Each structure stands twice: as structure tokens, then as C-alpha cells.
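Student: coords below, sequence missing:
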């Protein structure tokens, strides 16, 4: 329990205690009146002060909750996104973006609401009746308090019972809500295509059905949850209000309490109800929040398949004469039935330019993923500067590597932001050099906003060729000794290709380069050409 | 009362601000104007949308009224009885207990029914809203969608819709009862207790129900807007992080990315705390107000009533005062969330109000209204005169030197699929993010004719406008000036449905849906039989993929087709396009990710599938255009050359240069 949550409980207690005091005071004032002694201004002032105290304490709760909620939201979301990065690129095809985004936004929000704004008031609700009854016992009548206390354990018992029953329902609800999110994201991102293929309305129908399914789940959940209201409301009105009236009458008639105390007992019964009202009100946050907590937890604690081995190194210095990159009898398969790579061996010397060619689907991209530490070999060894990659941190391996991939992902932001991705400390001159090397300088100069031009999601503002040149500029900025070119011109036309190839020629100078391509025109200039076919690599004898 | 956090999320609520006006910055093209932002307008619109499902709200209101009245009666009766006993009148135990127990049970039951009816309406309404959102967004695509951040759109259709729940489930009934029940309570107090006590009670009820909820409404509205903006930005940032994870890892961008996220969180934090501060203030104020009023009430009653004889009235008065606040306290509760509901409704309407950039013709060409018919049976309608900027026939004949290759104009309407670009100029609309990096016109006065039932190649550097021509042909956008005609009829005269059925575009970066192979195909053509699907796959050289996968046609392709290679994605998109059998097919570099063998098979398949159809091939490898009937070369948005392959290759022009460079590149290393 954090200090803020403890303070929330304390403030709830203080509110209830002050109000109980006020009500008992009211009873005393009434008794004085009945005795014919009139109103006592000082007593009234004191009671007004108690009211003010109750107000202050009641206000502290939401304030503490807001602070706690935003703190939790920040830390939990940080953990989820950090986990996205830890799980890495392989995760993407297995988990839908929409689902992860939903966990990181909606899920985290609910967790924060639950832990920051629910647990404290909930704990207070459980204990406030006891506190009030203690006050009643001391100030009014222990016997009446004892009778009322019989109703108190019913609260936690009932909450526990309901939680057990509804847990699975709310989990199913979350799963459905996530599925709907993912479906909407897929439809919205593909909306241009849907329009093209005339399937917009059909997808609309599918979504409508999914929305209706979600609605039925919600109603199912509510039909059950509202029973809580029914029971809490009737039973506790019965248990506390009716009992308080009955007890007041009985104890007054038997001469144990005064008329004023009897009335105070009724007023205090309202305090016994108040937390229960809140309980019904908060039941949803509680259950949805607990479900979201489990969801966030299971995502954050999922095993990271490519975590660095214990003791993995990030060497400060490397042997510059060793092969920059080496595969030794590497096997890989996504599905054990269908091996992608079999006993693949090759090496790239320092400063050597090697091309890897092969038909589409032969496993070229898999090799690129292995080099980038996005995959790990099933068998065999990958070496980086002569060091076994398994003993190196993924972060260090990536720091030795610059990649220009088939597609360059552009983040939402300006062109400058997208370049600084590769090297945050790059100055204006570095950027200018990189732009010139990537042959983007004139294009950027032609833009009214220059480097501050925003580029849209998935880089839609730039043509494929321009986006690829941003990728080249990034690789320049990254300035790594090993360069991986994974079909960097497969998405652009010849003119752009020529420009990009010229830019790449500038980029490759003095680096070890592996160029992956299915096309001959992009591998001209390689020192050696390897051919990948049927998962096996062999030197390509017909070269040059 | 019961603020529903199950779906309304857990922001803890925000206060009411009828004057709220901070518009969300993330949206685009709000057309509702300032009036559309007013809560009154939002309310009307929401109610109008949900009208078909609103009826049960009446029950909700009725049940709530009874439940609240029963709750107040419980305390009033208790006070009355205790007072009566103290003044010497012994209660009749039987009827008393029966009355109290009956009230307690009635209250619970009515509350249950109220909630159920309210939620029933709310969730029906939310489903309507979600579908409405999509239905309104769909016609705006692609123009209205390509520039918008999809993560933010997703947040709108899921979370913002959820927020509106408060309006339907927890606003209408509480508003009505916050008026009806207190009025009745005050009346009872005036009749059976004391008029002055009733006045005190009325003042208290007004203060708690009207004054307190309005406190800090303006700054709360700002905080609420800031919170929603922050949430939209965070959702977008997370979406980018997930989709760009490869780049994040490659450039070791992760820690910085998290730092950026942390900065975005500050908006959320400021919003939450800004809201929390006022919630705290109002809640505290209400508790203190109620305490003081109860105290004042006792003093008033003591002064006005004749004690101990009128003790029952005093008890009743105190009971009414204590319990009478319940209905008005609800105002503060729902007002808090209502503000966010309005902010969310605003974000929804921002998107749904945007007009599609491309509209169905108000007056379609009459010849096109019955479809499809053989061209020969069609009358020749008159030239549509409503189309602007269409050059006269005389102008046109200058630029059309393709009479040789073009079948004699078959007249109009459903013909062979001849496409004519006349003086087409186009720039991406300002404000549309897809165009923000291209302030320059993409196409300038482009004129050429694509012969029907033949293959035309479009050639040019990236950014020369080839893909844009393809999009314009599907009316993704409308041309800025000039016209595009299919079979002699301006595109803007074609009903959109018919146009998009006739024109197919296979994108350079195709989008595949997170479904199976066959699911993606059936999405385009639901009625396609197995044979048609097998044939489309075979023509696209995908038979091997399907046969090699254990799940065959039911192999999932993953999100955005991630489980397929780039080449497989292109081929599946091709199969999807071929399955629809359009008359005019635009192929945008469909073989750019294929190796030579696969490309040959795919091109052979395409040639077979499109025999007798019009094909516009945006070519990646020029040699594939050797068989094309016509080739158009674009540079920087202008047509610089056109002709047959051999003619162009023989000239010393742009095409010949492109060709030479390619030949040289391929001769340089004869590896494949």
C-alpha cells in the first residue's frame, strides 16, 4: 500500500468519524432542547467545525486519488511499452497492434483507476462501519451497536462472493473489447483498400456484428452486476435503517437511551449505508480494473524469448581484423516441420562487400533478422567481429550495425525527428551531410518547412523512394561498421533506385556490407556474391 | 449516482462545463463550427442518433423516481416514528416494520430496474454510434483516412464512444429525478413539517445541486480537453512504437522513445490533477454544506416547532433533510463524467461531420443508371455540360495522337474501358497530412489516352505522379482541373459504386487484412466460388504457397499481412484484384518484390486474366512493357513522352535512357 492510498483510507475515516460526531452532537442538542435548556451557541459552532472537518477530509480523497492515478498510469504504461521493445520485432505478427495499444492505453488507464482510486476507498468502505459502530457504542449505546455490528461482516463476505462469480465474466468482456479494437484498427488502416475493393460496407457489417456481440457481453455482465445493487441496496437498507429505527425505539422505551440519542442512531445509520452505496458505484472499476491488472501483468511478465543471456557482454573494443560477421552452420525454422535455413555458413571480412541473392521466400529476410538479433538461430553460431553473438548483448550487436530495410518506417513527427532517431545528438551539420549523402538535400530545401515538415503515419507523406533515402540518411547518421542492406530498392522504381544506389555507394565506403537482393542490378559492385536457395547458402560461381 | 466505470473508464470523472469549448487539436476538418461544440447541440445530435432505442429510458426514469422516493421515505418515516415515540405515542410495531421493510425492498428492486433499463439503452446507443462512426468514415476513404493518424481514429471509435455511455445511462434519468424528487421532498416538508424548514431545505438542495457542480467548470473543461488530447497523443505514440518496433530496436531508440512517452504523459497528469482538484473541492464543499444544513435545520425546527409535542415533525424534517440530498448529489456525480462524454462526442462528430472529398454525382449520366449493358445497346447521350474545365473536343484532338492504337471510339458509357486524361492537374489538398510534404502540384496538365482493352505502361521516376494517376482514376480524390473520362464520360458522372466496380487498383504497398488467405479474397468478392479463387491464386503464382501451408487457403496472413513475404503480399493483393474482374485494372508496380521467375509467371497470369480488359501498368522493370500497346512517360508531373515500346526505345529520350540504365545494370552481373 502506497502512502497515498493509506492517506485516502485515513481521510475517509476522518470524514465518517467527523460526521458521526456531528450526528451525535445533534442528538445532544435535541436532548438539551427537550430538557428546556435551549440552544447552546458554542456547541453549535463546534458542530459546524466538525462539518467543515468532514468536508476537508472528503475533499482530500479525490485529490490523493488523482495524484496516485497519474503516477501509476505513467509507470505502468512505461512498463508495457518497454516490454514491447523487449519482445522485439518477432512479436508483431503474433500480437495485433490494436490489442497491445489497447493494453497500453485502456488497460493501463483502468489499472490506474483501480489501484489509485479504488483500492483505498474500498478498504475504507469495509472498515468505516466498524469505526462508526465504535463511536455509536461509546456515545450512544453499546447494545444497539452490537446488534448493528451483526450486519457488518456481510459486506466483505458479499463482495468476495460476487467478485469470484463475476471475474470470468469481466475477463471475457475485456477479451471481446480488445478483439473489437483490433478489428476496428484493421478496418480503419485498410479503409482505402476496402474502398478500392468495394468491401467497405461488408466490413461495416462485420464490425456492426462485433459491436453487437460486445454489447451483449456488457449487458450480460451488467445483468449480473446490478444484482449487487439490488441486494446491497435492499439488504443494507433493511439491516441498517430498519434495524436502527427498531433499536432506537426499543432502547428508548426500555429507558437506555434518550430521544436525541435515538434520532442520532438513525442519522448514524446513514453513514453505515454511505460506503455501501459507494461500493455498488465502484464495483465496476474494481472488477474491470482487476481484470485489466491481470492483463497488463501477463503482458509485462511474458517471457522475453530473445532476452540477453546472463553475463552477455558489450565489449568496448573489438578485433578489427576478425570477420565483421560470420554464420557457422546456422539452422533456423519458424515451424519445425519447415526449416527455413539449413547449415548456413558464410563470413564477411572487414570492409568486404558481400551480396546475398536468392528467390523470393528463400530465407534472405530471415538471415537479415538473425543478423539484427530479431531472431536467434536454432543451431549453429553467429559471430560479430569474431565474438560469439550469444555472449553479446543484442543492444551492442545492433550498435555495430546499420540497416536499410525494404521499407523504412517513418514515425509520426517531423523529418528531423525521423533522422534523429538514428543519432539524437546529431547537429545541423551532421544532418546536412547525411541528407546530402542520401541525395535528399535538394528535396528538403524545396520544402517550405524544410526539416520540420511533418511526415504522416507510416511515412505516407513521402514517396517510397524518398522514404528509402531517409533510411539511407539514417544509416549514415548511425555510422556503424557493419551495414545490412535488405533489398533497399525493392519498393522503388529505377530512377529512384539509381539515386539510392549512388547514395548507398557513398554509404558503404569503409564498412563491411551485406546486400540482400533478388535482383542483379543492385548487387553490382559486390566483392562476392552468395546464393541462397532451399535454405542453403553457396557461393555464386557465375558472378562477374 | 452509479457512475458506470465498467465502460466509462476510470478517469475519476470531470466536472460539468456547459461553456466548454476547447477543441481537440487532433482531428481534422471540423465542419460543425462553433455551434456544433455546444453541449445543447451535442445532446440533440446524440438523442437523434439514438432515438430508435430510447424508449426504455422512460422506465428508467420512473423506477429511479420511485427508488429515490422510497429511500427518502425510509428516513422520513424513521424520524417520524422515533419522534413520535419520544413524544409519547407508542408505534404500531406490525404496520411500522412492514412499511419499513417494504420501502427497503422496493428501493432495491427499483434501483435494479432503473440501472438495467438505462444501460440497455446506453449500450444499444453505443453500438449505433460505433456503426455510425464507421459508416461516416468509410465514404471519406481514402482521402480522409490516409492523412489521419489511425491510432487516434481507433481511440475515437472505441474509447470515445465508451465515454458517451455516461450520457445515456447516467444523465437523463438523474437530471429528471434531480428536479422531480427534491420538489416533492420540499413539498412534503412544507406540508407536514414547517414552511421555513422547507425553505431552508430548498436552499440547501439548490446549493448542492446547482451551485457546487458549476464550481470550476471552465478550468475543468480545459483540464478535460487536455486529458483527452493527451490520451489521443499517447495512443498514437504507442501505436507508432509497436508498429515501428523494428526501427526502434535497430537504432536503439527505445530509451528515447520512452522518454518521449513520458513527456506526453505530462498532459495526462496535468489533466487528471486539474480535474481531481475541482472534484475534490466540490466533494468537500458538498459534504460540508450538507453537514451545516442539517445543523441549521435542527436550529430552525427547534425554533419553529412546539416541542416535545411536535417531535414527530422534527424527526420527519431531519430525516427528509438528511436523505433529501441523494438525488441532487447525483448531479455532481454525473456532471463530472458528462463533461468528458461531451468532449468525446465532439471528437466523434469531428470525424463523422467531415464531408467526403468525393461525392456521388448528383445527376449521374443517364446512360449509366442501368447497368451493366453491352456498349452497343447504349444510346449516345449528350456531353454533360455541368463538368467544368473540360476542354472542347477540338482541343483534345490536338493532343491525341493515338488514333492508330485505339479502337474507334465506341461512343459512351459501358464500353471497352477507354480512359482519357485531359489536362489533369492535381495537388494533394492542404491540411491533408498525406500531402503536407508535397506542397507542389503532383500532376500538371497531364493529357493522354489509354486505349480500351489494351495494356498501357506508365513509366517515370518515383514521385513523378504515376501512382497518383491510378488513385485519381478510382476517384480517391478529384482532379483540381481538367477531367478524367472513362469511355467518354467524366468520372464525376459515374455513380461511385459502378466506377469502383469497373476500375481495380492493385496498390504498390497493398494492405492485407488480418484474416486468412481466402478471407482476404472473399472480402473483395464474397460470392467467389472455390474454382474462381483457385484460378485467381494460380494466375498470381500463389498456388505453391497455399499448397505448402498446412492450413492451405485458411492460412492466416497476420496483421497487415506480416506473416507473408513482401512478394507474397503483392501476389495475394493481385489475386484479390483479379478475382473482382474489373474492366480497367491499374497495376502499381506489382512485381517490385518478386524475383525474375516469379515475375514472369505473374505477368503471364495477369496477361491471361486481363485479356480483353484495359490494363494500366505502372512499371517497375521496363522490359516487362515490351508487349504493351502504349507507353506514357511521366516526369515531375508532366507527360514527356508517349508511344510504342520500340518507337520510344529508338528515340534518344527519357524512356531510352531509363531502358539503357536498366540494361546496363542487369548486364553488369548476370547472376540470375
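Tutor: All right, it came through fine. All figures in this text were calculated on a predicted structure; none of them were measured in a lab.
Student: could you pull out the helices for the stretch 501-650 of chain B?
Tutor: B:517-524, B:530-539, B:543-548, B:566-579, B:596-609, B:645-650 (DSSP state H, counting those that start in this stretch).
Student: What's the local residue count around residue B:549?
Tutor: Residue B:549 has 16 neighbours, counted by other Cβ atoms under 10 Å in any protein chain shown. Backbone N, C-alpha and C define where each C-beta goes, glycine included.
Student: mind listing what the residue lying closest to it once chain neighbours are set aside touches?
Tutor: Closest residue in space to residue B:549, ignoring its immediate chain neighbours: residue B:555 at 4.2 Å, by Cβ to Cβ, 6 or more residues apart in numbering or on different chains. Residue B:555 makes contact with B:516-517, B:545-546, B:549, B:563, according to Cβ atoms under 8 Å, 6 or more residues apart in numbering or on different chains.
Student: if we can go back for a sec, can you redo the helices of the stretch 501-650 of chain B as CSV with distance to residue B:81, mean pLDDT and mean neighbour count?
Tutor: Below are these laid out as CSV (distance: least, Cβ to Cβ, whole Å; pLDDT from 0 to 100; neighbours: other Cβ atoms under 10 Å in any protein chain shown):
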stretch, distance to residue B:81, mean pLDDT, mean neighbour count
helix B:517-524, 69, 90, 22
helix B:530-539, 79, 92, 18
helix B:543-548, 81, 86, 15
helix B:566-579, 77, 90, 26
helix B:596-609, 88, 87, 18
helix B:645-650, 103, 92, 16
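Student: which non-adjacent residue is nearest residue A:106?
Tutor: Per Cβ to Cβ, 6+ apart, closest to residue A:106 is residue B:159, 6.1 Å.
Student: who's sitting farthest from the centroid in chain B?
Tutor: Distance from the C-alpha centroid of chain B peaks at residue B:88, with 68.7 Å (Cα atoms, centre = their mean).
Student: is it fair to say that residue lies in a helix?
Tutor: No. With DSSP: H, G, I helix; E, B strand; the rest coil as the criterion, residue B:88 is assigned coil and is not in a helix.
Student: list the contacts for the spatially closest residue to it that is not a sequence neighbour?
Tutor: Spatial nearest neighbour of residue B:88, excluding adjacent residues (Cβ to Cβ, 6+ apart): residue B:308 at 7.8 Å. By Cβ under 8 Å, 6+ apart, the residues touching residue B:308 are A:34, A:259, B:86-88.
Student: just residue B:492 next, same as before
Tutor: Shown in contact with residue B:492 (Cβ under 8 Å, 6+ apart): B:361, B:387, B:475, B:478, B:483.
Student: helix/strand/coil for it?
Tutor: Three-state assignment for residue B:492 (three-state DSSP): helix.
Student: quick one: it and chain A, what's the gap?
Tutor: 17 Å (Cβ to the nearest Cβ, to the nearest Å).
Student: pLDDT at that residue, what is it?
Tutor: Note on residue B:492: pLDDT of 90.
Student: and if you look at residue B:448?
Tutor: 94.
Student: just the strands in chain A please.
Tutor: With DSSP state E as the criterion, chain A has strands at A:325-332, A:341-348, A:353-357, A:379-384, A:387-388, A:401-404, A:413-414, A:454-455, A:482-486, A:512-517, A:528-533, A:536-539.
Student: okay if I get these as TSV plus distance to residue A:39, mean pLDDT and mean neighbour count?
Tutor: TSV is the format used below for the strands of chain A (distance: least, Cβ to Cβ, whole Å; pLDDT from 0 to 100; neighbours: other Cβ under 10 Å):
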stretch	distance to residue A:39	mean pLDDT	mean neighbour count
strand A:325-332	89	94	20
strand A:341-348	93	92	20
strand A:353-357	96	90	24
strand A:379-384	88	94	18
strand A:387-388	89	93	16
strand A:401-404	84	92	26
strand A:413-414	69	88	16
strand A:454-455	71	82	20
strand A:482-486	88	92	23
strand A:512-517	92	90	25
strand A:528-533	97	87	20
strand A:536-539	99	81	15
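Student: what about the stretch 551-672 of chain B, any weak spots by pLDDT?
Tutor: B:620, B:661-672 (pLDDT under 70).
Student: In it, mark out all the strands, start to finish.
Tutor: Remark: strands assigned in the stretch 551-672 of chain B by DSSP state E, counting those that start in this stretch are B:584-588, B:614-618, B:630-635, B:638-643.
Student: Now do the one helix or strand residue B:43 maps to, average pLDDT.
Tutor: Per DSSP states H and E: residue B:43 is located in helix B:39-50. What helix B:39-50 shows for mean pLDDT is 89.
Student: What residues sit buried inside it?
Tutor: B:39, B:41-43, B:45-46, B:49-50 (16 or more other Cβ atoms under 10 Å in any protein chain shown).
Student: cool, stretch A:362-380 as well?
Tutor: A:362-377, A:380.
Student: Among these, which ones lie close to chain B?
Tutor: Counting by Cβ under 8 Å from any Cβ of the partner chain, A:365, A:372-374 from the buried residues of stretch A:362-380 sit close to chain B.
Student: So which of those residues is the closest to residue B:145?
Tutor: Closest approach to residue B:145 among those (Cβ to Cβ): residue A:365, at 29.0 Å.
Student: Have a look at the chain and report its longest helix.
Tutor: Just so you know, I chose chain A. When chain A is scanned for its longest helix (criterion: DSSP state H), the result is helix A:41-87.
Student: That was the other one, I meant chain B.
Tutor: Under DSSP H, chain B gives helix B:254-304 as its longest helix.
Student: want to try CSV for the ones next to chain B among the buried residues of stretch A:362-380, with pLDDT as columns?
Tutor: Formatted as CSV, these follow (pLDDT from 0 to 100):
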residue, pLDDT
A:365, 84
A:372, 91
A:373, 90
A:374, 88
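Student: Okay, and which of these map to helices?
Tutor: residue A:365.
Student: Residue B:563 against residue B:556, yeah?
Tutor: Yes. Counting by Cβ atoms under 8 Å, residue B:556 is a contact partner of residue B:563 at 6.5 Å.
Student: Need the overlap of contacts for those two.
Tutor: Between them, residue B:563 and residue B:556 share no contacting residue under Cβ under 8 Å, 6+ apart.
Student: got the contact list for the most centrally placed residue in chain A?
Tutor: Among the residues of chain A, the one closest to the centroid is residue A:104, at 2.0 Å (Cα atoms, centre = their mean). By Cβ under 8 Å, 6+ apart, the residues touching residue A:104 are A:77, A:80-81, A:84, B:238.
Student: Among these, which one is most surrounded by other residues?
Tutor: Going by other Cβ under 10 Å, residue A:77 tops the contacts of residue A:104 with 28 neighbours.
Student: Give the closest residue to that one in space, chain neighbours not counted.
Tutor: residue A:108 (4.7 Å).
Student: List the contacts of that neighbour.
Tutor: Residues in contact with residue A:108 (Cβ under 8 Å, 6+ apart) are A:73, A:76-77, A:80, A:292, A:296.
Student: mind putting the contacts of residue A:104 in TSV, pLDDT included?
Tutor: Listed next are these as TSV, based on pLDDT from 0 to 100:
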residue	pLDDT
A:77	95
A:80	95
A:81	94
A:84	91
B:238	92
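Student: Out of those residues, which is nearest to residue A:528?
Tutor: Of the contacts of residue A:104, the one sitting nearest to residue A:528 (Cβ to Cβ) turns out to be residue A:84, at 37.6 Å.
Student: And the residue farthest from the centre of chain B, its phi and psi?
Tutor: The phi/psi pair for residue B:88 (degrees, to the nearest 10) reads phi 100, psi 0.
Student: distance of it from chain A?
Tutor: Taking Cβ to the nearest Cβ, one finds residue B:88 at 10 Å from chain A.
Student: For that residue, give me the pLDDT.
Tutor: 75.
Student: Averaging pLDDT per element, find the lowest-scoring helix or strand in chain A.
Tutor: Least confident helix or strand of chain A, by mean pLDDT, DSSP states H and E, is helix A:154-189 with a mean of 75.
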